[in-house]
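Chemist: Need the 3D shape of this:
(chains A and B)
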Amino acid sequence: MLKIENLHAEIDGKEILKGLDLEVKPGEIHAIMGPNGAGKSTLGYVLGGRPEYEVTQGSVTFQPNPVHAELVDAPSFSSGEGKSSPSTGSGRTEEEWVDLLTLEPHERAAVGMFLGFQYPVEIPGISNVQFLREALNSQRRARGEEPLSGSDFLKRARAQADALGMDQDMLKRPVNVGFSGGEKKRNEMVQMGIIDPRFAILDETDSGLDIDALKTVGEGINRIMRKPDKGVLLITHYQRLLEYVEPDAVHVLAAGRIVRSGGPELAVELEREGYQAAAA
Amino acid sequence: MTQALDLPTKRQEEWRWSDMAALEAAAQSPMGDMPDADAWFIHGLDGPRLVFVDGEYQAKRSDPGPIRVEALPADTEHPLGRRAGGTGWMLRVGEGGAETCIQIVHLGSGGANHVPARIELAADATASLVETYVGTGWANRLTRIDLGRGARLMRSVRLLQSGGFVSLRDEATIGEAASLVSIVLGAGDMGSRIDGDLRLTGEGAFAEMGGALLTRDSQSQEAAVAVHHAQPEGSSRQIWRAVAADTSTASLAARVEVARDAQRTDGEQSLRGLLLKRTATVNLKPELEIFADDVKCAHGATVGELDKRALFYLESRGVPPARAQAMLTRAFVADALARIGEEAVREAFAADANRWLESAL
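Modeler: Coordinates of the predicted model:
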């Protein structure tokens, strides 16, 4: 559902990605690991469409969101409807691919891309609820769906906050303002649950989390994204999140390219032997 | 051209950002069509209502309640305010009384109009009022405010003229433990000059004057407010936000003076400007003059653009760029308008700001 071919990207004239190839099929979770400066975050930003990054070569194609109305299953309010069946009631067919690089960031979101930030941005003066309702309904409008009413939205937001152990009051607070590092990451996952994307790129979602939060966030990723018609690219330094979210494939990113790929055992090997030895 | 009206010139420090040519043009504009007054009253506020058309009181369209319409002197040295003599309005509230939700709509069709006003609140009296300026022409106002011990006044002013110029001169004395909150929103297409001179003459007095000036095209709006702390234990706030688009100019000058006797004064001054385009201008001039030694005066002045990281964050969640800009800009002005006491008024001001943002972005 996501195909990256020979991707080259630069920032301020400095090439960071140097011919990256990667394919994620529906239902798969891939982990990208690698040393500092390898280009992991750049990959996330390039896929999200951050303007400062320029793609100089290569392609990224993506199978968009088939429009689906059912909510993500959140344990606290689910009544058993809308389980993880792939949805079909859309204007799109499953086979359709789009050239992701031609889309603006908000258009990428509307076709089902979600970028979980390594450093979520603080936005004073805009509450989480305002922000997410605007985001969700903008996406829905772009897909020709009805916007969600205020009460339906709140129900959905509260269920996701509960499921991720985030205090309900934090939904009313300005986006990420005064949140600890761990709370910000948790909030990213709450946002992901509310938006219910088709594909998530999670950039070091595990950093800043204590053991308990790591477990909650890991379970959240499984609950929201572990579905036959979804995919995840998990960018991480460490193997510990992968104990909760078991990847279907692990890739080592070094100097702007994937230098090695393998199964979950590769993450364990990396942890044990370090990137240099494993990538050699 | 400014000679004809004997207006201040840019050579005078206090007027160096002023657009007196726009004022002059507004004063000489021909009278034309009149907007509908009723559309500009805020719904959900049940209180006295007054309508002025080109500076003339409209008895038939008004329900003035306790407000009297009478001749008032323009007893000020202020170069614009001193022109505002003649028939005006006066609100006087006796000890412990309350007059709230007063609305005054000023309609202009062109030319110049001048209206003086007086607000006198006796000890422990309370009042709240909203003034709305619509239409065009030069609307010039002098408002004198006297607050007795423990009196409280909440005043909100919105400038929504489609053209022309609005000049406001407020002069206030604030007695012991009295409180004045005055919030201005400039969200029309007129030029403006908001002038304030607030004197804290009693111990423990509180004065706040602030708001948001939103400018676009080649428009110019400015506020120049001085707060004088004469007695101990007083506090004041000046929270202003300027948002400038296109080739417009928004200017804020805020001054705090703390006299030798005014110990334990607590002043806060926050002037922030946001440039929506690099061709726009925001001028900020924070000034402090402190003669007392036990004083806390926080002040900040910054001008910048919208945070690119925040824009990308909103966009990556699906918010289209124009909406993302509008959301961040709205958030930027929000704290300047948040002090308005009545919810219906606060919401009306927020709606005015939103309308501006939606058309300017």
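Chemist: Just give the nearest non-adjacent residue to B:A326, would you?
Modeler: Closest residue in space to B:A326, ignoring its immediate chain neighbours: B:L357 at 4.5 Å, by C-beta to C-beta, 6 or more residues apart in numbering or on different chains. (C-beta placed from N, C-alpha, C; glycine too.)
Chemist: What's the mean pLDDT across the helix or strand containing that neighbour?
Modeler: B:L357 belongs to helix B:343-360 when assigned by DSSP states H and E. Mean pLDDT, helix B:343-360: 92.
Chemist: for the stretch 151-300 of chain B, what spans make up the strands?
Modeler: Per DSSP state E, counting those that start in this stretch, the stretch 151-300 of chain B carries strands over the ranges B:152-159, B:165-174, B:179-186, B:191-200, B:206-215, B:220-229, B:235-244, B:249-258, B:265-275, B:281-290, B:295-304.
Chemist: Distance to chain A, mean neighbour count and mean pLDDT for those strands - can I get that in TSV?
Modeler: Putting these into TSV (distance: least, C-beta to the nearest C-beta, whole Å; neighbours: other C-beta atoms under 10 Å in any protein chain shown; pLDDT from 0 to 100) gives the following:
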stretch	distance to chain A	mean neighbour count	mean pLDDT
strand B:152-159	20	24	98
strand B:165-174	27	25	98
strand B:179-186	16	25	98
strand B:191-200	23	25	98
strand B:206-215	12	26	98
strand B:220-229	21	25	98
strand B:235-244	11	25	97
strand B:249-258	19	24	97
strand B:265-275	12	22	96
strand B:281-290	18	17	96
strand B:295-304	13	13	93
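Chemist: Minimum distance to A:T205: which of the ones you listed has it?
Modeler: strand B:295-304 (30.0 Å; C-beta to C-beta).
Chemist: How about the contacts made by the residue nearest to B:A326?
Modeler: B:214, B:326, B:329-330 (C-beta atoms under 8 Å, 6 or more residues apart in numbering or on different chains).
Chemist: How much space separates it from A:E204?
Modeler: 35 Å (C-beta to C-beta, to the nearest Å).
Chemist: Okay, now the unreliable bits of the stretch 151-280 of chain A?
Modeler: A:279-280 (pLDDT under 70).
Chemist: any chance you could map the strands in the stretch 51-200 of chain A?
Modeler: A:53-62, A:98-99, A:113-116, A:123-127, A:174-175, A:199-203.
Chemist: Throw the ones you listed into CSV and include mean neighbour count and distance to B:E99, thanks.
Modeler: Shown next, in CSV, are those (neighbours: other C-beta atoms under 10 Å in any protein chain shown; distance: least, C-beta to C-beta, whole Å):
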stretch, mean neighbour count, distance to B:E99
strand A:53-62, 17, 59
strand A:98-99, 14, 62
strand A:113-116, 26, 54
strand A:123-127, 19, 33
strand A:174-175, 23, 36
strand A:199-203, 26, 57
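Chemist: Ok, which of those strands comes nearest B:R158?
Modeler: With C-beta to C-beta as the yardstick, what comes closest out of those is strand A:123-127 (20.0 Å).
Chemist: anything in the closest one near chain B?
Modeler: Yes - between strand A:123-127 and chain B, judged by C-beta under 8 Å from any C-beta of the partner chain, the touching residues are A:123-126.
Chemist: Of the strands of the stretch 51-200 of chain A, which is nearest A:V250?
Modeler: Nearest of the strands of the stretch 51-200 of chain A (C-beta to C-beta): strand A:199-203, 14.4 Å.
Chemist: Would you mind getting the angle between that closest one and strand A:53-62?
Modeler: 140 degrees (axes from the mean of the first three to the mean of the last three C-alpha atoms, to 10 degrees).
Chemist: Only C-alpha atoms, please: export the helix or strand following strand A:199-203 in PDB.
Modeler: Downstream of strand A:199-203, the first helix or strand assigned by DSSP H and E is helix A:211-225. Output of helix A:211-225 as PDB, limited to C-alpha atoms (Å, rounded to 0.1, in the frame of the first residue of the first chain):
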ATOM      1  CA  ILE A 211       7.600   1.700  30.900                       C
ATOM      2  CA  ASP A 212       3.800   1.900  31.600                       C
ATOM      3  CA  ALA A 213       3.200   4.500  29.000                       C
ATOM      4  CA  LEU A 214       5.200   2.500  26.500                       C
ATOM      5  CA  LYS A 215       2.900  -0.400  27.000                       C
ATOM      6  CA  THR A 216      -0.200   1.700  26.700                       C
ATOM      7  CA  VAL A 217       1.100   3.400  23.600                       C
ATOM      8  CA  GLY A 218       2.100   0.000  22.100                       C
ATOM      9  CA  GLU A 219      -1.300  -1.400  22.800                       C
ATOM     10  CA  GLY A 220      -2.800   1.700  21.200                       C
ATOM     11  CA  ILE A 221      -0.900   1.200  18.000                       C
ATOM     12  CA  ASN A 222      -2.000  -2.400  17.800                       C
ATOM     13  CA  ARG A 223      -5.600  -1.500  18.500                       C
ATOM     14  CA  ILE A 224      -5.800   1.300  16.100                       C
ATOM     15  CA  MET A 225      -3.500   0.200  13.300                       C
END
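Chemist: does any bit of helix A:211-225 sit next to chain B?
Modeler: No - if you take C-beta under 8 Å from any C-beta as the test, helix A:211-225 misses chain B, and the best it gets is 15.0 Å.
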